[in-house]
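[1] Sequence and predicted structure, then a few things I'm wondering about:
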Amino acid sequence: MIDDVVQFGRGAISVEEIVTLAYGTAKAQVSNDPEFRRRLGAGAEILANRIAAGDRVYGVTTGFGESCLQDIDATNVSDLSLNLVRFHGCGTGVYLSAPESASVLAVRLASLVAGWSGVRPVVLDRLCSLINHRVLPRIPSEGSVGASGDLTPLSYVASVLMGEREVLGETGTGHREADGKLASEALRIAGISPIVLGPKESLAIMNGTSVMTGLCCLAFDRARRLARTVAAITATASQVMQGNPAHFDERIYRAKPHPGQARFARWVREDLEFSPSARFEGRIQDRYSIRCAPHVVGVLLDSLLWMRPWLETELNSANDNPLIDPVTGEALHGGNFYGGHVCFVADGLKNGVANVADLLDRQLALLCSPSTSNSLPENLVGYQGPAGSVHHGFKAMQIGSSALCAEALKLCMPASVFSRSTECHNQDKVSMGTIAAREALRAVELTERVAAICILAVCQAVDIREREGGTVLGLRAKSLRDAVREHVPFNDRDRRQDGDIRTVVSLMHQDRLSVGEDDS
């Protein structure tokens, strides 16, 4: 039973609310306030009157894009709207997952309730029904240049409302043709009636930034939660390598007061249970991947502060074209479909996250070498006995981490600089925001896997240090180890560890690792 409800039409929607709808932990509801409903429907009614009076409205009584010079006869307006959906059914690539598809629906709903798009309330109610019944369009991930919005991927939303194309099947992964089923059948089972979209409604659904914004909301949320996990990893790595906890002294971060790095240092300091008066006899300065961790992850944390308002402005904006003035019915022809702000967020996010992957990969390298780990076994081999030389511990895990990190770093080229002219030079400058958003999610995914490998490594090191005796370990190190050991045993001899990585990633996503509270 889901009790949480996200209300559309009563105020701005947050990133977190989009995330709850994406993962199905909340229900969507369009406000039933009579004045809101009246104002929402007014735009569609006035637009209909203007069409009847013979006014020229782009995409309604004219062709699309460079075809805007072509006038459309009133008798063909309905066919134009229908054909817009159908000819954009040319997406390619892996299908969006269930959370990704649901996030797209939720973000499009947040945009349309602004009342500038000339759509009837019934369209919004149907979008709500798709979200709540998890009838999720099967949306190919490729095919959008990010202006005019996400036309091709959003056509798969419009088509499902009409009862056409497919929705995601039971697995919700979207990776195979077999994962889909006919939208008409899924709507019938859910008790949702298909609708005939009005003159501008297909354009209003398709001509916007909701795919890139929805994907970015998910990447943003996962990156934010990842930062706290990295603090727990860093603290545990510092302890098992007998590092200097004074690197996280609060005074250092008062002297250079970037809020993100100060917050990260505080998390590590708390996890280490650091006391400024404690005496330390070891190596006075740790290597950079430990000592400068707050300065690396702090960049990501501080970036999230400006990214949030940009994302939330976009997801609550009217970003289609033309806009319909809900008071006068006047068609306002502009370019709010341009995804430049979201693209810049995504390009920045993947850079910040990939740098975190690189940081973690360097910490893992320190852990695997006795010369840098204060004499932990080479590659964290846990086997004890004369046959120890035939066991290799985390040797391949470090190679795997390096490969994941390299792939994340390779994604850091800004997508926005690859704008290219298309559609007969009408769309001659485009944002590439959807490509950037997909890359941001991929960078997060890769970095989460690097983090999972590092979690397994530091937990291995905790067990080794406890077996050796003499190293004082804090509550965070022990609680993280205990949370992992409920599902993954100590590596005491060579065995496959791919399942271990998947398990820890899953625990991360479920917030079931003891990594501390994110108070950002």
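    All right, it came through fine. Numbers count the residues shown, from 1 in each chain.

[2] Please enumerate the helices of the stretch 251-400 of the chain.
    Under the criterion DSSP state H, counting those that start in this stretch, the stretch 251-400 of the chain carries helices at the ranges 259-272, 288-291, 293-315, 340-368, 395-410.

[3] Turn those helices into JSON lines, columns for mean neighbour count.
    No exception for glycine: its C-beta is placed from N, CA and C like everyone else's. Listed next are these as JSON lines, based on neighbours: other C-beta atoms under 10 Å:
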{"stretch": "helix 259-272", "mean neighbour count": "22"}
{"stretch": "helix 288-291", "mean neighbour count": "18"}
{"stretch": "helix 293-315", "mean neighbour count": "21"}
{"stretch": "helix 340-368", "mean neighbour count": "25"}
{"stretch": "helix 395-410", "mean neighbour count": "18"}
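
[4] right, and the ones you listed - which one's nearest Ile46?
    Nearest to Ile46, of all the helices of the stretch 251-400 of the chain, is helix 293-315, at 25.8 Å by C-beta to C-beta.

[5] Tell me the gap between the closest one and the middle of its chain.
    Relative to its chain's centre, helix 293-315 lies at 13 Å (C-alpha atoms, centre = their mean, to the nearest Å).

[6] Give me the phi and psi angles of the residue sitting furthest away from the middle of the chain.
    Residue farthest from the centre of the chain, counting by C-alpha atoms, centre = their mean, is Pro386 at 48.0 Å. When read as degrees, to the nearest 10, the backbone of Pro386 gives phi -70, psi -20.

[7] Tell me the pLDDT of it.
    Here, the pLDDT recorded for Pro386 equals 89.

[8] and what of Glu281?
    Here the pLDDT value assigned to Glu281 is 88.

[9] Report the secondary structure state of the closest residue to Ser129 other than its chain neighbours.
    In space, and not counting its chain neighbours, Ser129 is closest to Ile192: 4.8 Å by C-beta to C-beta, 6 or more residues apart in numbering. Assigned with DSSP: H, G, I helix; E, B strand; the rest coil, Ile192 falls in the coil class.

[10] Relative to Arg126, how far out is Ile192?
    7 Å (C-beta to C-beta, to the nearest Å).

[11] Name the residue in these two with the higher neighbour count.
    For the pair Ile192 and Arg126, the greater number of neighbours falls to Arg126 (23 against 20), based on other C-beta atoms under 10 Å.

[12] From what I see, that one and Gly191 are in contact.
    No: applying C-beta atoms under 8 Å as the test, Arg126 and Gly191 come out as separate, 11.9 Å apart.

[13] Please report how far the closest residue to Ser369 other than its chain neighbours lies from Ala396.
    Nearest residue to Ser369, sequence neighbours excluded (C-beta to C-beta, 6+ apart): Glu378, at 6.9 Å. Separation of Glu378 from Ala396 (C-beta to C-beta): 13 Å.

[14] do Asp325 as well
    62 Å.

[15] how about Gln7, phi and psi?
    Per-residue torsions, Gln7: phi -90, psi 120 (degrees, to the nearest 10).

[16] ditto for Gly11
    Taking degrees, to the nearest 10, you get phi 150, psi 180 for the backbone angles of Gly11.

[17] burial of it, as a residue count?
    Gly11 has 9 nearby residues by other C-beta under 10 Å.

[18] And for the one 4 residues further on?
    Using other C-beta under 10 Å, the number of residues around Val15 comes to 21.

[19] Can you tell me the closest non-neighbouring residue to it?
    In space, and not counting its chain neighbours, Val15 is closest to Cys217: 4.9 Å by C-beta to C-beta, 6+ apart.

[20] So for whichever strand or helix holds that neighbour, mean pLDDT?
    According to DSSP states H and E, Cys217 maps onto helix 210-240. Mean pLDDT, helix 210-240: 98.

[21] Can you give me the neighbour number for the closest residue to Asn207 other than its chain neighbours?
    Counting by C-beta to C-beta, 6+ apart, Asn207 lies nearest to Asp320, which is 4.1 Å off, once chain neighbours are set aside. Using other C-beta under 10 Å, Asp320 has 31 other residues around it.

[22] pLDDT score for Asp320?
    On the pLDDT scale, Asp320 is placed at 92.

[23] Return the residues in contact with it.
    Shown in contact with Asp320 (C-beta atoms under 8 Å, 6 or more residues apart in numbering): 111, 116-117, 149, 203-204, 206-208, 336-337.

[24] and it, how far is that from Gly334?
    In this view, Asp320 and Gly334 are 10 Å apart by C-beta to C-beta.

[25] Would you reformat the contacts of Asp320 as a markdown table and include neighbour count?
    Listed next are the contacts of Asp320 as a markdown table, based on neighbours: other C-beta under 10 Å:
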| residue | neighbour count |
| --- | --- |
| Ser111 | 27 |
| Trp116 | 21 |
| Ser117 | 30 |
| Gly149 | 32 |
| Leu203 | 29 |
| Ala204 | 31 |
| Met206 | 28 |
| Asn207 | 25 |
| Gly208 | 29 |
| Asn336 | 22 |
| Phe337 | 22 |
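
[26] Can you pick out the most distant pair from those residues?
    Largest separation among the contacts of Asp320 by C-beta to C-beta: Trp116 and Met206, giving 15.3 Å.

[27] Quick check: chain neighbours aside, which residue is closest to Val297?
    Phe264 (4.8 Å).

[28] so what's that neighbour up against?
    Phe264 is in contact with 227, 230-231, 293-294, 297-298, 301, counting by C-beta under 8 Å, 6+ apart.

[29] Closest one to Arg39 out of these, please.
    Closest to Arg39, out of all of the contacts of Phe264 and judged by C-beta to C-beta, is Leu301, at 39.4 Å.

[30] show me the contacts for the residue nearest to that closest one when sequence neighbours are not counted.
    Nearest residue to Leu301, sequence neighbours excluded (C-beta to C-beta, 6+ apart): Gly260, at 3.0 Å. By C-beta under 8 Å, 6+ apart, Gly260 lies in contact with 297-305.

[31] Export those residues as CSV, with columns for pLDDT and distance to Tyr23.
    Below are these laid out as CSV (pLDDT from 0 to 100; distance: C-beta to C-beta, whole Å):
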residue, pLDDT, distance to Tyr23
Val297, 98, 25
Gly298, 98, 28
Val299, 98, 27
Leu300, 98, 22
Leu301, 98, 23
Asp302, 98, 27
Ser303, 98, 24
Leu304, 98, 19
Leu305, 98, 24
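
[32] Switch those residues over to CSV; also include distance to Leu364.
    Converted to CSV, the contacts of Gly260 look like this (distance: C-beta to C-beta, whole Å):
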residue, distance to Leu364
Val297, 16
Gly298, 20
Val299, 20
Leu300, 19
Leu301, 22
Asp302, 25
Ser303, 24
Leu304, 24
Leu305, 29
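
[33] Helix, strand or coil: sort out Val505 for me.
    In three-state terms, and counting by three-state DSSP, Val505 is helix.

[34] Tell me which residues touch it, please.
    Neighbouring residues of Val505 by C-beta under 8 Å, 6+ apart: 448-449, 452.

[35] Kindly report the same for Leu109.
    By C-beta under 8 Å, 6+ apart, Leu109 lies in contact with 8, 28, 30, 124, 127-128, 131.

[36] per-residue confidence at the closest residue to Leu168 other than its chain neighbours?
    Of all residues not flanking Leu168 in the chain, Leu136 sits nearest, at 4.7 Å (C-beta to C-beta, 6+ apart). For Leu136, the pLDDT comes out at 97.
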